[in-house]
Structure formats: structure tokens, C-alpha cells
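*Asks:* need a structure here:
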Amino acid sequence: MVIWTVSWRNVWRNKLRSLVIFTAIAIGVFASVFTTAFMQGMSDQRIESAIKTEISFIQLHNPKFEEAQDINALINKIDEKKKKISEIPNVSGQSERIVINGMAASAETSSGVRLYGINTEDEFKVTNINEKLIEGEFFDGIKRNPVVIGHKLADKLNLKLRSKIIFTFQDYEGNLTGGAFKIAGIYKTSNSMFDESTIFVRKSDLQRLTMIPENSAHEIVVNLDNQEFDKMVKTKIVELFLDTKTKLWTELKPELALFNEVMGMYMYIFVGIILFALGFGIVNTMLMVVLERVKEIGMLLAVGMNRMRVFKMIVLETVFLSLTGGFVGIVLGGLVSQYYSVNPIDLSIWSAGLSKIGWSSLVNTSISFESLIGITLMVIITGILAAIYPARKALKLNPADALRTE
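*Replies:* Modelled structure (predicted):
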């Protein structure tokens, strides 16, 4: 216990030098904690947006629809399947959809789009697209053929509320067909590509125009009350319906799943680079400490102090220095990250570019307790590794030569 006390006091024998390296470590660790929280926050928000607005947790399709988006590749006996799915624990909602690729045209121009024929009441249970409206209502106010479109598509086709829009697509028998719709609502999400290409109409309207049989659809979308149970629910659905292809959000959006997985690696790599650079500063500082105390260390060895105790003293001094600065950096980083988890960082000057890849311009930071523990351990390891060379230097001292040092 004495060696711990002596080591702590030795750290502050040269207060200015210790404060300089202490500050450098604190700033470096703070930067790594905050950057990690920022990137994790962006990742979490994109995933949440994709799940809540675009795809939900689980989707079921006819295997042939997955391969070629064939309009005839339907899931049949929808009501029976939905009833069985509703009995699975942790399922909070489900909705069937008709999915058609086609063309949307206004009086001025046209654009390729993807039409989703939905049951409006069920859709509330699987996505929050109704909460993203910036104009109009979700299928209210228009009696015949209402449609909800994204603001990007509205701008592209120069449309506004109650404007007429013409859709052209292939029906169930392979014939070219279409219909005139009126805009009931305009939505805006953080993904401009989604807003420019995705259109929602009532399933009954699209079913009438395409002549798709009753009690059939191209996909069933399933929402959960807890993401932790997604694999378990998928397994049960697969066991129930061997004739359908069931996919989790990680399979529907593999790029998001990959990004979420590499975030943990990114944190350790980023923190490792910062601590690696700081490690050289720590080594330099401790070498100066050893060289300044050559005579003192020689005297300790001369009076019989074990060389391993000298080694331990130098290592402890380095760890104390690293851990003190690291602790301050982690606390500051955690507090600032906590503040911005409630008060989002505004990146609106880059909103156009961010929205093209589906990222929000308002970012709430997010960092887990496990990440903070991981950074703390990395700081301790850096301190120990940085102490090895200076401590070995001290061990090699000859007591007689060290005592003659001025």
C-alpha cells in the first residue's frame, strides 16, 4: 500500500509537466468519447428511421416476388396468416401491402415510382409514415383515389395538395393499365430517395386497378414491441409459413446492419489511434522522470529496495497519470454526450447531402455504459504499455553509478 501512496505523490512532484500530459490525455479521451457517441447516435437514428418509417422489423414475401418483383407472386390466404402472426408474443402490429412498380405523371413531367397499396388503419401499427406529413391528411379529404406522396416527388412533378397525378403500371394479367389519383397528403422523411420514389395508396384502389385477387398481397409487414425478440419472432413465423420468405430488417437493409456492427470496431480503432499517439507523450514524460531521478532510484536500490518494486512504482505512476486524465476525459465526454442526446446537434447546412443517403440533419448522440468501460480499460492498458520502457530503463541502473550521478 505504501508503494501506491508514494507513486501517487511522485506523479505531482512536477505539477506543470504532469498537468500538461494530464490535459493532453483528457482532451484526447474526451474527443474519442464524443466522436464515438456522435457516430453511434447517427447510426441509431438511421436504423430507427428505417425500421419505423420504411420497412418495420419483419417482412414476408412470396419467394418469386423476392427474385423478380413479379406482380403475380402473391401471398395468399392473408387473413389466415395475419391471424396466426397476431398470436405470436411480442408482435405489436401487422399490415399487408400490394407493391407495384410504375410511372407517375403530372401535367409537366413523369418519374418512376413504387406504389404501396396499404390498409390505412393497419399501416399505423407498422410504420409512422402518417406522422411524417407536412401537408394534408393521411387519406382524408379526398373521396376517390387519394394518394400520399413524398415532398421530393411533389417538387419534381410540380404537384401540390389536391393535384391530379396519373399512375401507369402492369395489372395482374400483364396488361398496361393505370388510374388518376388526387393528392391527399405530402410527407417528408430524412431519406430524400425514399421521398422521391415511394407512394402510398389505398389497397382497395390498387387492387381494383390491378385485378389482384381478394385476400392476397405481395408482402406482410410485421412490427414488434421490442427489437430484442426479432430473431425469435422470425423463427416462429418461418415455422408457421414454409411457403413464404421471411426477412428481418437486417436482411432487408443489410448496409444498415453492417454499419451498426462496424460501429463497435470503429470506436476501438478510433480510440486506439488517439491513445497510441498519446502513448508516445506518456513514454517521453516518464523517461524524463526516470532520468531526473537516477540518483534517487540508485539510492533506493542501494539500500536494498527490490528492483521489481521500483518497476512497479514507475508503472503505477504512469497508470495514475493516464487514468486521472482518462477519467476526466471520459466524464466530460459522457456529460457532453448526455447533453446532446437530448439537445440534437444541428447539421442542417449539410441536410441536402445527408438526406440523399437517408441520414437526419439533427443528430442526438448515444453512447452505452459498456463503451465507456471499454475506453477506460484501453486507457489503463495504454498507461501500462507506456510505462514498460521507462521502467525497464530504471531497472538497468547500477546503484553505484547512479549514486555518483549529479
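*Asks:* so which helix or strand takes in Thr376?
*Replies:* helix 369-395 (DSSP states H and E).
*Asks:* tell me which residues in that helix are buried?
*Replies:* Within helix 369-395, the residues scored as buried using 16 or more other CB atoms under 10 Å are 371-372, 374-375, 378-379, 382-383, 385-387, 390-391, 393-394. C-beta here means a position set from N, CA and C on the backbone, and glycine is covered the same way.
*Asks:* try stretch 354-365
*Replies:* For stretch 354-365, using 16+ other CB under 10 Å, the buried residues are Leu354, Ser355, Gly358, Trp359, Ser360, Ser361, Val363, Asn364, Thr365.
*Asks:* Check stretch 68-75 too.
*Replies:* For stretch 68-75, a neighbour-count test (16+ other CB under 10 Å) marks Ile71, Leu74, Ile75 as buried.
*Asks:* Tell me the one among the residues you listed nearest to Ile149.
*Replies:* Among the buried residues of stretch 68-75, Ile71 lies closest to Ile149 (CB to CB), at 21.2 Å.
*Asks:* where does that closest one land in three-state SS?
*Replies:* coil (DSSP: H, G, I helix; E, B strand; the rest coil).
*Asks:* where's it relative to Ile357, distance?
*Replies:* With distances taken as CB to CB, to the nearest Å, Ile71 is found 30 Å from Ile357.
*Asks:* any idea which of the buried residues of helix 369-395 is closest to Gly326?
*Replies:* For those, the minimum distance to Gly326 (CB to CB) is 3.4 Å, reached by Val379.
*Asks:* Nearest spatial neighbour of that closest one, chain-adjacent residues omitted?
*Replies:* Gly326 (3.4 Å; CB to CB, 6 or more residues apart in numbering).
*Asks:* for the stretch 101-250 of the chain, what spans make up the strands?
*Replies:* Along the stretch 101-250 of the chain, counting by DSSP state E, counting those that start in this stretch, strands occupy 110-118, 133-136, 146-150, 164-170, 176-187, 198-202, 216-217, 219-224, 245-248.
*Asks:* quick one: strands adjacent to the fourth one?
*Replies:* In other words, strand 164-170. Paired neighbours of strand 164-170 in the sheet (DSSP bridges): strand 91-105 (antiparallel), strand 176-187 (antiparallel).
*Asks:* contacting residues for Val148?
*Replies:* Counting by CB atoms under 8 Å, 6 or more residues apart in numbering, Val148 touches 129, 133, 136, 138-139, 183-187, 199-201.
*Asks:* what about the spatially closest residue to Trp12 that is not a sequence neighbour, which helix or strand?
*Replies:* Nearest non-adjacent residue to Trp12, counting by CB to CB, 6+ apart: Ser18, 5.9 Å away. Element membership of Ser18, judged by DSSP H and E, is helix 15-49.
*Asks:* Thanks again, I'm all set now.
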